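Novice: I would like the atomic coordinates for the input below:
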Amino acid sequence: MPWEAVYKTKRALKGRQNHKAMPQSLAKIYTHLVCSTKHREPRLTDDIRADLPAYMGGTLPGLGCHPIEINSEPEHIHALFRLWRPFRARGGRWE
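Specialist: Okay, here's the model as predicted:
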């Protein structure tokens with residue numbers, strides 16, 4: 001099929017309602033973040049530790065992360081969250 005016919009066929013399909021788009025690729029990355037105090041000194045009091053899960057649970061979605069579990073100890077914090085991003089091909093290159 002000559003390239004003119006291919007171009008016309010693609011152009012005709014573009015306006016149709018039943019034209020299906022190609023599926024997108026999706027990357028899901030699970031991240032375990034550990035943050036500690038300087039010299040691992042027990043500086044996180046019970047009052048601070050009580051507010052940390054709510055604070056981080058509200059902050060992470062704004063950064064494009066889905067929090068799964070957040071826990072803290074007097075000298076460090078654990079956060080398990082999921083990063084995801086759709087990838088699309090542009091100009092023959094994946095971005």
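Novice: Lys28 and His39: what is the separation?
Specialist: Distance of Lys28 to His39, computed by C-beta to C-beta, to the nearest Å: 35 Å. (C-beta placed from N, C-alpha, C; glycine too.)
Novice: which regions of this protein lie under the pLDDT threshold?
Specialist: Applying pLDDT under 70 to the chain flags the ranges 1-25, 86-95.
Novice: Which stretches in this protein count as helices?
Specialist: 3-14, 46-59 (DSSP state H).
Novice: Now do the buried residues in the last one.
Specialist: Within helix 46-59, the residues that qualify as buried by neighbour count (16 or more other C-beta atoms under 10 Å) are Leu52, Pro53, Met56.
Novice: Turn these into CSV, including distance to Asn71.
Specialist: Listed next are the buried residues of helix 46-59 as CSV, based on distance: C-beta to C-beta, whole Å:
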residue, distance to Asn71
Leu52, 9
Pro53, 8
Met56, 10
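Novice: Closest one to His32 out of the residues you listed, please.
Specialist: Met56 (13.4 Å; C-beta to C-beta).
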